[in-house]
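# Here is a sequence with its predicted model. Questions after.
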Amino acid sequence: MAYIPAQVARLGNPRNLMPVENFESVHSRHSNLDGEKVQMSRTIRILLAAALAATTSIGATAATAAAKPQQSPQPATSTTPRAIAGQYLVTLKWGSDIQGLLDKIGIRPLFTYGTAVFGFAARLTDLQVRLLRVAPEVEAVENDAEVEVVVPPGDPQTGEPRAVDSWGLDRINQRTLPLDGNYSPNHDGSPVTAYILDTGIQHNHPDFGGRASFGYDAMNDGRRGEDCNGHGTHVAGTVGGKVYGVAKNVNLVSVRVLGCDSRGAWSGIVAGFDWVAANAKKPAVLNASLGGTPGVSQVDTAANSLADKGVFVAVAGGNDTADACNYSPARAARAFTIGATAKDDSYATYSNRGQCVQLLAPGTDIKSTWIGTRVNTISGTSMATPHVTGVAALYKHANGDHAQGDIMNWMWQNATQDRIGQVPASTPNYLLNLGGL
């Protein structure tokens, strides 16, 4: 029988209770009607269209505190909501004649999908949308929206790092505080490939030792997966950098779905999932430190499908102090959704919470690689998630290419339980632990 944490067992699986049809776009926070500035995620935010589908939110209240939180997230950053007018994600019934449908309605697709999901993305006229909605082979038509990575202010540094320069590595290597300055895994992830769905990777960064390579680029700007933003390189460094990484010899592959200006689209993110589903070199893991609300069913389907195909999928829970069950792909039923903690073992004040958060990992003030051969210290569930992805790579090195559910169960069984303070109600108090790997 599969092992399920007590909190999760009591709550059941909320993800399957949330069907999605035609959400207009994505955003990590809803703006107040009076124009008041709202607290945005420090690392990832998704831009909101004018019309938001109604969602049911589970109220999260703070649990009894074991320690006062000390983290101080950066000030809020606000932008004007921007949907991609006239751009859509179309999901078809498996086996349908995609090209025939495109030709019949006169559509030139931006992307076609055929492995993780079945369908396409395209700019469409109102008439084309109406024709698609009544076509028998069409399952869903959803508005596309712009995705933007917000890299918080940091202090890129140079110089020689210490032996254990990331407190996150130190913390997952022991059960209790204080930290002892040690991170000593028994495996290094060398047979495993880690796909980084993000802004790309600086492939020649010295911390990667030649192990980072180009996989896929949805931006079509000729950069071939090269990171010109920083976020993806930071995430990759935590997964598998030789200094800052959990799995210090894993193979890193850039799946670039966000550009130099930190912008992309849901359609490109789905294309990234689809490419990995078709091309993954196994054993494999994937890190998706991105997400937004309201959810998009095609994104959730892509994450679920990839997990079903044997690639371990870890996704960020989000940084809005909100219910992760309203976010994609955090709510995807078979992705592993991660919340963040701080160095003093408190729940990160920005981290999303609720039933769809399944495991916690260090996320505040995480030092890792940065573009330009530098390092940077930033915060977010984006920083927590690659700790989990790295441990999944170590698990596959130690135990072979197991299924998503097997690895999730192992992580729950080996997690440090009930050590984190201020964990919100309905959020499991399970902290990632190396578990002897």
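Yep, that arrived.
# can we go C-alpha only for contacts and neighbour counts from here?
OK.
# Send me the helix or strand hosting residue 389 as PDB with only the CA atoms.
Per DSSP states H and E: residue 389 is located in helix 381-399. This file holds the C-alpha atoms of helix 381-399, laid out as PDB (Å, rounded to 0.1, in the frame of the first residue of the first chain):
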ATOM      1  CA  THR A 381       9.400  28.200  -3.900                       C
ATOM      2  CA  SER A 382      11.400  28.300  -7.100                       C
ATOM      3  CA  MET A 383      14.500  27.800  -4.900                       C
ATOM      4  CA  ALA A 384      12.900  25.100  -2.800                       C
ATOM      5  CA  THR A 385      11.700  22.900  -5.700                       C
ATOM      6  CA  PRO A 386      15.200  22.100  -7.100                       C
ATOM      7  CA  HIS A 387      16.300  20.700  -3.800                       C
ATOM      8  CA  VAL A 388      13.600  18.100  -4.300                       C
ATOM      9  CA  THR A 389      14.500  17.500  -7.900                       C
ATOM     10  CA  GLY A 390      18.100  16.900  -6.900                       C
ATOM     11  CA  VAL A 391      17.100  14.400  -4.300                       C
ATOM     12  CA  ALA A 392      14.900  12.600  -6.900                       C
ATOM     13  CA  ALA A 393      18.000  12.400  -9.100                       C
ATOM     14  CA  LEU A 394      20.000  10.800  -6.200                       C
ATOM     15  CA  TYR A 395      17.100   8.400  -5.600                       C
ATOM     16  CA  LYS A 396      17.200   7.200  -9.200                       C
ATOM     17  CA  HIS A 397      20.900   6.900  -9.000                       C
ATOM     18  CA  ALA A 398      20.700   4.700  -5.900                       C
ATOM     19  CA  ASN A 399      17.600   2.700  -6.700                       C
END
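# Distance from it to the middle of the chain?
Counting by C-alpha atoms, centre = their mean, to the nearest Å, helix 381-399 is centred 13 Å from the centre of its parent chain.
# List the buried residues in that helix.
Neighbour counts over helix 381-399 (16 or more other C-alpha atoms under 10 Å) mark 381-397 as buried.
# now stretch 95-110
98, 101, 107, 109, 110.
# so how far is residue 219 from the last one?
Read that as residue 110. Plainly put, residue 110 is 11 Å away from residue 219 if you go by C-alpha to C-alpha, to the nearest Å.
# How about the second one?
Residue 101 is 25 Å from residue 219, where distance means C-alpha to C-alpha.
# With residue 305 instead?
Distance, residue 305 to residue 219, using C-alpha to C-alpha: 23 Å.
# Kindly report the same for residue 129.
Separation of residue 129 from residue 219 (C-alpha to C-alpha) stands at 24 Å.
# ok, then the element right after the lengthiest strand in the chain?
Assignment by DSSP state E gives strand 138-149 as the longest strand of the chain. Remark: after strand 138-149, the chain's next helix or strand is helix 167-172, criterion DSSP H and E.
# pLDDT on that following helix, on average?
Across helix 167-172, the average pLDDT comes to 98.
# which outside residues touch that helix?
Residues from elsewhere that reach helix 167-172 (C-alpha atoms under 8 Å, 6 or more residues apart in numbering): 164, 177, 179-183, 244-246, 343, 361-363, 366, 387, 431-434.
# at 6 Å what do you get?
With contact meaning C-alpha atoms under 6 Å, 6 or more residues apart in numbering, helix 167-172 is reached by 181, 182, 183, 362, 432, 433, 434.
# residues contacting the first one?
Same thing as residue 181. Contacts for residue 181 were tallied using C-alpha under 6 Å, 6+ apart; they are residue 170.
# And for the fourth one?
Taking C-alpha under 6 Å, 6+ apart as the criterion, residue 362 is in contact with 168, 340, 341, 384.
# Give me the pLDDT value at the residue nearest to residue 417 when sequence neighbours are not counted.
The shortest distance from residue 417 to any non-neighbouring residue, by C-alpha to C-alpha, 6 or more residues apart in numbering, is to residue 430 (4.8 Å). Predicted confidence (pLDDT) at residue 430: the value is 98.
# same thing with residue 293?
pLDDT, residue 293: 80.
# Pretty sure residue 327 is one of the things it touches, is it not?
Yes. Using C-alpha atoms under 6 Å, residue 293 is in contact with residue 327, at 4.5 Å.
# I'd like to know how many residues surround residue 281.
A count of nearby residues for residue 281, using other C-alpha atoms under 10 Å, gives 15.
# Tell me how far it lies from residue 347.
35 Å.
# same thing with residue 231?
Counting by C-alpha to C-alpha, the gap from residue 231 to residue 347 is 22 Å.
# what's the residue nearest to residue 417 in contact with, if anything?
Taking C-alpha under 6 Å, 6+ apart, we find residue 430 in contact with 359, 360, 415, 416, 417.
# ok now stretch 324-336, how far from the chain's centre?
Here stretch 324-336 shows a centroid-to-chain-centroid distance of 9 Å under the convention C-alpha atoms, centre = their mean.
# What average pLDDT does stretch 207-224 get?
The pLDDT scores in stretch 207-224 average 97.
# now what about it, what contacts it?
Contacts to stretch 207-224, defined as C-alpha under 6 Å, 6+ apart, come from residues 203, 225, 241, 242, 251, 252, 253, 254, 255, 256, 257, 268.
# Need the three-state assignment for the last one.
Counting by DSSP: H, G, I helix; E, B strand; the rest coil, the backbone at residue 268 sits in helix.
# before we move on, back to that, put the buried members of the contacts of residue 362 into a PyMOL selection.
Selection command for PyMOL covering only the buried members of the contacts of residue 362, criterion 16+ other C-alpha under 10 Å:
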select buried, resi 168+340+341+384
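# For the contacts of residue 362, give me a markdown table that also has distance to residue 210.
Listed next are these as a markdown table, based on distance: C-alpha to C-alpha, whole Å:
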| residue | distance to residue 210 |
| --- | --- |
| 168 | 24 |
| 340 | 30 |
| 341 | 31 |
| 384 | 24 |
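# and the contacts of residue 362, which two are the farthest apart?
168 and 340 (10.6 Å; C-alpha to C-alpha).
# and residue 87, that's in a strand?
Yes. Residue 87 forms part of a strand when assessed by three-state DSSP.
# That one bridge partners, please.
The partner list for residue 87 in beta bridges (DSSP bridges) reads residue 123.
# wait, what's in contact with residue 268?
Shown in contact with residue 268 (C-alpha under 6 Å, 6+ apart): 218, 257.
# distance of it from residue 344?
37 Å.
# now residue 263
For residue 263, the distance to residue 344 equals 33 Å [C-alpha to C-alpha].
# what does residue 185 give?
For residue 185, the distance to residue 344 (C-alpha to C-alpha) stands at 23 Å.
# Then residue 357?
According to C-alpha to C-alpha, residue 357 and residue 344 sit 20 Å apart.
# quick one, which of these two is more surrounded?
More neighbours surround residue 357 than the other of residue 357 and residue 344, with 28 against 18 (other C-alpha under 10 Å).
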